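A.B. asks: give me a model of this one.
(2 chains, ligands or ions: 3)
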Amino acid sequence: MFPASFEYVKANSIRDAISILSDDDDAKVLAGGHSLLPLMKLRLAAPGTLVDIGGIRELSYIEDKGDHIAIGALTRHHDIEHSGLLKESVPFLSYVASLVGDPSVRHRGTIGGSISHGDGASDLPAAVLALDGDLVVEGPSGERIIKASEFFIGFLETALGQGEILKEIRVPKITGGWSYQKFNRRAQDWAIVGVAAVSVGETKVSLVNMGSVPLRAYATEETLKNGGSIEEASEKASEGLQPPSDLNASAEYRKHLAKVLVNRALTETLAQ
Amino acid sequence: MQISTTVNGLSHTNEVEARTLLVHYIRDVLRLTGTNVGCDTSSCGACTVLLNGESVKSCTVLAVQADGQEITTIEGMASESGLHPIQKAFQENHGLQCGYCTPGMVMAAASFLHENPSPTEKEVREALEGNLCRCTGYHNIVKSVLAAAGEMGGAR
Ligand SMILES: Cc1cc2nc3c(=O)[nH]c(=O)nc-3n(C[C@H](O)[C@H](O)[C@H](O)COP(=O)(O)OP(=O)(O)OC[C@H]3O[C@@H](n4cnc5c(N)ncnc54)[C@H](O)[C@@H]3O)c2cc1C
Ligand code: FES
Ligand code: FES
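C.D. replies: Ligands and ions are numbered 1, 2, ... in the order given. Reported below is the predicted structural model:
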């Protein structure tokens, strides 16, 4: 399967990429290509131009900024999985990255690509939600910061505007417990349901594959904040949600799974 | 578009369409047909090659993304002195049946052993999670990779 024909441009800098993207509304950014190329091969996407930012080395870094860790958008899953700094300060994120796809996927896929793609079934968007991270984006009119909790808008739709590029992901250092429960049938698969829980002060909980976007489990968080037990908080896991039904699981089964996994995640998180 | 690559140590400059996948560049332009296409949907690992020393699924990389980079395919593993220790280990441990998945398995193993020269059996199984064998000879594939690790000096 070949993708439909497109124009290929290699961007040498972020400004370079932004100027091409803002002049051409049929252009798309190419990072690791591990979400975009499969879609293009299936002809579910057929952008007229691909702006390859993969060569911009300055966008690949993991830095200690005192109260938070800054991660360049082009940092690959493999680098997040193996980063000594992250293993020490945000081991949760390294662990989640280690469960994405398989080693060859992790050699190509980037955290910025995963978040910008905004797939409700992906692991890293949910991780950044549970960390209550900040996303630094740059566009034709400069830089702005979007809270992860305001980034995922609809099915494969994010708050990124025309010509905007995700530059950096900022996450807090973890002081309390954490857990990531990825439920799948085979090692390399996507999550049938996933649950992330992180305690940085309050405990935040997010859900994978429980809707068309990566979701925070606000009802669960609220119950915990009001002194509810883990049991009570888990019961609220799928409140108001409409998870998908597919070959792997019905919506009903997913709702049940979410409760079980939130229970496990909170038990693990609050025991640490 | 014109791209330049180094494949198995040899430099190439070729004209390709931007939409050419790396696997088709390797197979159809360079005529190195050891790299197979299995699923064509990034799931099976039959198309695994090394890009700058790391395993990638060449059905999910554009040839233009490999411009200026170093690629190693199964044809680049053996040397004048004979088969690569990983290849030899597959031969000696009956690590292949039909052989279709084998080039991908060998390349994924090469990438992994470079990163982790003395793995446990569990680590080998996890490292090969993206490579499927329809003959389901996983037991002997894992045995082969562990034997290769021993041969290459990383025995536990
Ligand atoms: C076999 C396979 C298994 C996988 N399994 C999993 C899994 O278990 N869990 C999981 O979470 N993911 C999984 N993935 C997806 C993988 O994590 C992707 O790498 C990731 O989702 C996308 O990152 P990328 O760098 O490849 O982005 P690309 O594919 O290059 O881009 C994805 C989208 O984001 C846009 N984009 C990319 N970078 C930026 C940026 N910096 N700014 C603005 N827009 C940008 C692109 O235009 C495109 O629309 C799997 C993929 C494959 C092929
Ligand atoms: S052919 Fe590339 S992963 Fe199956
Ligand atoms: S040996 Fe036949 S597919 Fe693996």
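A.B. asks: now chain B against chain A: closest residue?
C.D. replies: Per C-beta to the nearest C-beta, B:G130 is where chain B lies closest to chain A, at 2.6 Å. For the C-beta atoms, the positions are set from N, CA and C on the backbone; glycine is no exception.
A.B. asks: ok, that residue to A:D246 distance?
C.D. replies: 22 Å (C-beta to C-beta, to the nearest Å).
A.B. asks: got it, and A:V213?
C.D. replies: A:V213 is 16 Å from A:D246, by C-beta to C-beta.
A.B. asks: so which of these two has more stuff around it?
C.D. replies: Shown here are A:V213 and A:D246; by other C-beta atoms under 10 Å in any protein chain shown, A:V213 has more neighbours (20 against 12).
A.B. asks: and the more buried one, what does it touch?
C.D. replies: With contact taken as C-beta atoms under 8 Å, 6 or more residues apart in numbering or on different chains, A:V213 is in contact with A:G118, A:G120, A:F152, A:I153, A:G154, A:F155, A:E157.
A.B. asks: which of those count as buried?
C.D. replies: Using 16 or more other C-beta atoms under 10 Å in any protein chain shown as the burial test, the contacts of A:V213 include A:G118, A:G120, A:F152 as buried.
A.B. asks: chain center to whichever strand or helix holds A:L270: distance?
C.D. replies: Secondary structure assignment for A:L270, by DSSP states H and E: helix A:251-271. Relative to the chain's own centre, helix A:251-271 is displaced by 19 Å; criterion: C-alpha atoms, centre = their mean, to the nearest Å.
A.B. asks: near A:E252, how many other residues are there?
C.D. replies: 11.
A.B. asks: what's the helix holding A:L270 in contact with?
C.D. replies: For helix A:251-271, the surrounding residues in contact (C-beta under 8 Å, 6+ apart) are A:176-181, A:183, A:192-199, A:203, A:205, A:207, A:209-210, A:217, A:220, A:224, A:230-231, A:233-235, A:237-238, A:241-245, A:249.
A.B. asks: only whichever of those residues are buried, select them in PyMOL.
C.D. replies: Of the contacts of helix A:251-271, the buried ones go into a single PyMOL selection, burial set by 16+ other C-beta under 10 Å:
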select buried, chain A and resi 177+178+179+180+181+183+192+193+194+195+196+197+198+199+203+205+207+209+210+217+220+224+230+233+234+235+237+238+241+243+249
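A.B. asks: so which of the contacts of helix A:251-271 sit within helices?
C.D. replies: A:T220, A:L224, A:I230, A:E231, A:A233, A:S234, A:E235 (DSSP state H).
A.B. asks: for the chain, just list every one of the strands.
C.D. replies: No chain was given, so I picked chain A. Remark: strands assigned in chain A by DSSP state E are A:7-10, A:27-30, A:49-52, A:62-64, A:68-72, A:134-139, A:142-147, A:152-154, A:157-158, A:165-172, A:178-183, A:193-200, A:202-208, A:215-216.
A.B. asks: oops, chain B please
C.D. replies: B:2-7, B:10-15, B:48-51, B:54-57, B:70-72.
A.B. asks: mind putting these into a markdown table with distance to A:L39, mean neighbour count and mean pLDDT?
C.D. replies: Converted to a markdown table, the strands of chain B look like this (distance: least, C-beta to C-beta, whole Å; neighbours: other C-beta atoms under 10 Å in any protein chain shown; pLDDT from 0 to 100):
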| stretch | distance to A:L39 | mean neighbour count | mean pLDDT |
| --- | --- | --- | --- |
| strand B:2-7 | 23 | 16 | 98 |
| strand B:10-15 | 26 | 10 | 98 |
| strand B:48-51 | 21 | 28 | 98 |
| strand B:54-57 | 15 | 28 | 98 |
| strand B:70-72 | 24 | 21 | 98 |
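A.B. asks: in TSV: the ones you listed, plus distance to B:Q87.
C.D. replies: What follows is the strands of chain B, written out as TSV (distance: least, C-beta to C-beta, whole Å):
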stretch	distance to B:Q87
strand B:2-7	18
strand B:10-15	20
strand B:48-51	14
strand B:54-57	16
strand B:70-72	13
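A.B. asks: for A:Q162, which of these is the nearest?
C.D. replies: Proximity to A:Q162 (C-beta to C-beta) singles out strand B:2-7 among the strands of chain B, at 29.8 Å.
A.B. asks: which strands and helices sit next to that closest one?
C.D. replies: Under the contact criterion of 3 or more C-beta pairs under 8 Å, 6 or more residues apart in numbering or on different chains; DSSP states H and E, strand B:2-7 touches strand B:10-15, strand B:70-72.
A.B. asks: circling back: who touches the residue of chain B closest to chain A in this structure?
C.D. replies: If you count contacts by C-beta under 8 Å, 6+ apart, B:G130 has them with A:G101, A:D102, A:P103, A:S104, A:V105, A:Q188, B:S43, B:G45, B:T48, B:K57, B:A108.
A.B. asks: likewise for B:I71?
C.D. replies: Residues in contact with B:I71 (C-beta under 8 Å, 6+ apart) are B:T5, B:T6, B:V7, B:N8, B:L22, B:I26, B:V49, B:L50, B:L51.
A.B. asks: ok, the fourth one touching B:A78?
C.D. replies: No: between B:N8 and B:A78 there is no contact under C-beta atoms under 8 Å: 10.1 Å.
A.B. asks: measure B:E80 to B:A109 for me?
C.D. replies: Look at B:E80 and B:A109: by C-beta to C-beta, they are 22 Å apart.
A.B. asks: also A:G55?
C.D. replies: A:G55 is 28 Å from B:A109, by C-beta to C-beta.
A.B. asks: next, count neighbours for the residue of chain B at minimum distance from ligand 1.
C.D. replies: Scanning chain B for the residue nearest ligand 1 gives B:S42, at 3.7 Å (criterion: C-beta to the nearest ligand atom). Residues lying near B:S42 (other C-beta under 10 Å) number 23.
A.B. asks: need the contact list for it.
C.D. replies: Going by C-beta under 8 Å, 6+ apart, B:S42 touches A:H34, A:P38, A:V105, B:K57, B:C59, B:T60.
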